[in-house]
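S.K.: Based on what follows, work out the 3D shape:
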Amino acid sequence: MNNRFLIIPDIHLEHERAEAIIARYPGFQVLFLGDYFDAFNDSVSGHVNTAKWLAWSVQQKDRTHLLGNHDPYYFTGKRFCECPGNSQEKYEGGRQHLIPEIWFSMRTHFWLRSNFLATHAGLSRSQAHPVLPQDEFLAKQEEQFKAACQHNLDHPWLDWGTRRQGSTRIAGPLWCDWGVFKPIPGLHQVFGHSPREKPKVRFAEGWNINLDSPVRISYKKTTNQLVRRVVDGMKLHYPGSYAVLDENTLFMFGDDGKLGRKLNL
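M.R.: Numbering: from 1, shown residues only. As a prediction, this is how the structure comes out:
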């Protein structure tokens, strides 16, 4: 089995940038951490292009795609799956490409090693099962979560957490925020979801790594009627970082391919 992984966090429509990173690592298994859709000031056409790419990507050998909090609505159109940034127009535009076979192929979690878990937002201590082995618990939760999404039923993993006006203090592995995440003793984790200036690592009770660090670039646009250029704020480029797991060493890189940090498992 190939034990070399390329781990790519949130892309938010920027699949071409993700493909450029993948091209640097031929022969690696690719693990996407979710959030393929939604960006500030995006369009239906941009959403549809990403839906087409995702439909193609899930068919590629040695790729695993996790679900992020922005993704379930676009497969189901159900109210309980809604996330800020989702829209019915985008759902309708992309639904022909996001067929059920793709939904069933996508995961909520992935075990990189027996003690190294990948999710979209992190499995916090209060969301873990106190008795069941975590692999058994997560497999059951994934099945129940997907069924809830399809039938417009509530599920703990659909709760936003109180930091985002949800009912649960700390949300599940699609919604947990870095600021409230609590490590699980003996378990290493890698996830995205919570944007930061650069990847963050907590070493308490194991590695706990947040890779979501979009590049923030000031950008300008030209109006149709004026020659002058108008500064229009900051644009986020995803993904701003990624990681490579080779044997028992994890390397973290910026989007430019420069090594930022190395951790030994």
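S.K.: where does the stretch 151-265 of the chain dip in pLDDT?
M.R.: In the predicted model of the stretch 151-265 of the chain, residues 219-234 satisfy pLDDT under 70.
S.K.: what about the closest residue to Leu263 other than its chain neighbours, which helix or strand?
M.R.: Closest residue to Leu263 apart from its sequence neighbours, by C-beta to C-beta, 6 or more residues apart in numbering: Leu250 at 4.6 Å. No exception for glycine: its C-beta is placed from N, CA and C like everyone else's. For Leu250, the element it lies in under DSSP states H and E is strand 249-254.
S.K.: Kindly spell out which helices and strands sit in contact with that strand.
M.R.: strand 241-246, strand 259-264 (3 or more C-beta pairs under 8 Å, 6 or more residues apart in numbering; DSSP states H and E).
S.K.: Relative to Glu143, which of these is closest?
M.R.: Across the helices and strands packed on strand 249-254, Glu143 has its closest neighbour in strand 241-246 (26.5 Å, C-beta to C-beta).
S.K.: in that closest one, what counts as buried?
M.R.: Using 16 or more other C-beta atoms under 10 Å as the test for burial, strand 241-246 gives Ser241, Tyr242, Ala243, Val244, Leu245.
S.K.: Stretch 124-135 now?
M.R.: Buried residues in stretch 124-135 (16+ other C-beta under 10 Å): Ser124, Gln127, Ala128, Gln134.
S.K.: ok, so of these, who is nearest Thr64?
M.R.: Nearest to Thr64 out of the buried residues of stretch 124-135 is Gln134 (C-beta to C-beta; 18.0 Å).
S.K.: and the closest residue to the closest one other than its chain neighbours, what is it in contact with?
M.R.: Spatial nearest neighbour of Gln134, excluding adjacent residues (C-beta to C-beta, 6+ apart): Ala128 at 6.2 Å. Taking C-beta atoms under 8 Å, 6 or more residues apart in numbering, we find Ala128 in contact with Gln134, Phe137, Ile184.
S.K.: just Leu98 next, same as before
M.R.: Ala51, Leu54, Ala55, Tyr74, Phe75.
S.K.: Remind me which helix or strand it belongs to.
M.R.: Using DSSP H and E, Leu98 falls outside every helix and strand.
S.K.: Can you give me the pLDDT of it?
M.R.: Leu98 carries a pLDDT value of 97.
S.K.: ok, now Gly27?
M.R.: Note for Gly27: predicted pLDDT of 95.
S.K.: could you pull out the helices for the stretch 1-150 of the chain?
M.R.: 15-22, 44-57, 72-76, 88-94, 100-105, 134-150 (DSSP state H, counting those that start in this stretch).
S.K.: would you put the C-alpha positions of the fourth one in CSV?
M.R.: If I follow you right, that is helix 88-94. Presented in CSV, the C-alpha positions along helix 88-94 are these (Å, rounded to 0.1, in the frame of the first residue of the first chain):
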residue,chain,number,x,y,z
GLN,A,88,-30.3,27.5,-4.2
GLU,A,89,-29.1,29.0,-7.5
LYS,A,90,-25.7,27.3,-7.1
TYR,A,91,-27.4,24.0,-5.9
GLU,A,92,-29.6,24.0,-9.0
GLY,A,93,-26.7,24.8,-11.3
GLY,A,94,-24.4,22.0,-10.1
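S.K.: Now tell me what touches it from outside.
M.R.: So helix 88-94 is in contact with Phe37, Asp38, Asp42, Val44, Ser45, His47, Val48, Thr50, Ala51, Tyr73, Tyr74, Gly77, going by C-beta under 8 Å, 6+ apart.
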